[in-house]
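>>> Give the three-dimensional model of this entry:
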Amino acid sequence: MTVIGPERQQLIGLAYRLLGSVSDAEDVVQEAYGRWYALTGPQREAIESPAAWLTTVAGRICLDLLGSARVRRERYVGEWLPEPVPAGRLADPADRVTRDESVTMAFLVVLDAMTPAERVAFVLHDVFGYPFAEVATVLGRTPAACRQLAGSARRRIGPARATEP
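Numbers count the residues shown, from 1 in each chain. Reported below is the predicted structural model:
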């Protein structure tokens, strides 16, 4: 079974939202696909949902990177800001570019205030619509713990929304 296709774009979107870097997101997806293709044929056939398997692997790779990224940022001089995602074609670039960039940057800054586990729970559940049972598989926690992580993440977003003009 080949799993190249729409899953790749979704995985890049997931990894980007978790990491805040397009290049890191692409690296994560490349690593996840590398692990997929390293499986033997029978191992791949035993996986009921390749997309779910890839999401789980990519989420765990992101968690590992987030842990190490915090260490790198502590040594970085200056304020760390996530890299904005390159925009696609816009209907009216003069009107939309500034707004789209500021919304994307604000979202990424709020995500950075979350713990890695909160970020994964929030992005997978609230952004991509994964049920908490699947989020729990990615995080290696119970669904109830993942609900609490997502709730904590939502509370972090609440104050950020209150300060918007």
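>>> Please count neighbours and contacts with C-alpha atoms only from this point.
Will do.
>>> can you pull the contacts of residue 142?
Contacts here follow Cα atoms under 8 Å, 6 or more residues apart in numbering; on that basis residue 142 touches 133, 136.
>>> count of residues packed around residue 41?
Per other Cα atoms under 10 Å, the neighbour tally for residue 41 reads 10.
>>> What of residue 131?
By the criterion of other Cα under 10 Å, residue 131 has 15 neighbours.
>>> do you know how far it is from residue 55?
13 Å (Cα to Cα, to the nearest Å).
>>> what do you get for residue 125?
For residue 125, the distance to residue 55 - Cα to Cα - is 12 Å.
>>> Tell me which of the two has more neighbours.
Comparing residue 125 with residue 55 by other Cα under 10 Å, the one with more neighbours is residue 55, at 25 against 19.
>>> Do you know the pLDDT at the residue nearest to residue 65 when sequence neighbours are not counted?
In this structure, residue 65 finds its nearest non-sequential neighbour in residue 19, 7.9 Å apart by Cα to Cα, 6 or more residues apart in numbering. We have a pLDDT of 84 for residue 19.
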